[in-house]
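Peer 1: Prediction below, plus the sequence it came from.
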Amino acid sequence: MSGQIRIGQGFDVHAFGDGDHVMLGGVRVPHDRGVLAHSDGDVVIHALCDAILGALALGDIGRHFPPSDPRWKDADSRMFLRHCAALAGERGWTLGNADLTVVCERPKVGPHAEAMRANLAADLGADIGAVSVKATTSEKLGFTGRGEGIAALAVVLLTRA
Ligand SMILES: Nc1ccn([C@@H]2O[C@H](COP(=O)(O)O)[C@@H](O)[C@H]2O)c(=O)n1
Ligand SMILES: C[C@@]1(CO)OP(=O)(O)OP(=O)(O)OC[C@H]1O
């Protein structure tokens, strides 16, 4: 294979707080808690942005969208993702695939995984078959197990001819 490849990984956590939903992969998932965040607190998208930025060696999401900047207050994280996808595209990189794991006891992610994949694939300009969304509990262990917060991990592969 004569093309180039790049791999990137991302991880994000948000604490639960008051609220009635969490945003996951751009999907509004009903829940008895919300998350504490400057933006809409979408851990899936934040981890995915960091994976893309990592593959590009362009820092992290906080460098591009500082939490101190009032422009990003309550921001729709899909805008962050489209920005990161554009940075990759401008440099000639195409998504090979993205694999995401959400870690929480609740809410159940499975029923929303297909809608999340569709949103993420649209924002990445990728085929939905290249975007995977999985979930696991942490078997009641740690901060996710105690229901204190939600975490997400992302791995991406970028390709360039
Ligand atoms: N928030 C979650 C957590 C898990 N799932 C689904 O349940 C399966 C079993 O989870 P374990 O942690 O007990 O292995 C998991 O494979 C997911 O399919 C979920 O949808 N949402
Ligand atoms: C998304 C940003 C935007 O200000 O803030 P938060 O929503 O707090 O999310 P986090 O993952 O903690 O940090 C990254 C920031 O760029």
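Peer 2: Everything's here; your move. Numbers count the residues shown, from 1 in each chain. Ligands and ions are numbered 1, 2, ... in the order given.

Peer 1: Let me see the backbone angles for L158.
Peer 2: Main-chain torsions, L158, degrees, to the nearest 10: phi -110, psi 150.

Peer 1: and what of R33?
Peer 2: The phi/psi pair for R33 (degrees, to the nearest 10) reads phi -130, psi 160.

Peer 1: Where do the strands of this structure begin and end?
Peer 2: Under the criterion DSSP state E, strands of the chain are mapped to 4-17, 21-24, 27-30, 34-35, 94-103, 131-136, 149-160.

Peer 1: what about the chain, any weak spots by pLDDT?
Peer 2: Applying pLDDT under 70 to the chain flags residues 1.

Peer 1: Alongside ligand 2, which residues does it contribute?
Peer 2: D12, A37, H38, S39, G41, H46, I61, G62, F65, P66, P67, W72 (CB under 6 Å from any ligand atom). From N, CA and C alone the C-beta is placed, and that goes for glycine too.

Peer 1: What separation is there between the first one and G125?
Peer 2: I take that to be D12. Distance of D12 to G125, computed by CB to CB, to the nearest Å: 22 Å.

Peer 1: More neighbours: these two, which one.
Peer 2: The residue with more neighbours, out of D12 and G125, is D12; 22 against 13, by other CB atoms under 10 Å.

Peer 1: Now do the contacts for the more buried one.
Peer 2: Contact analysis of D12 by CB atoms under 8 Å, 6 or more residues apart in numbering lists V43, H46, A47, D50, A151, A152.

Peer 1: Take these and lay them out in TSV including neighbour count.
Peer 2: Output for these, formatted as TSV (neighbours: other CB atoms under 10 Å):
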residue	neighbour count
V43	29
H46	27
A47	25
D50	24
A151	19
A152	27
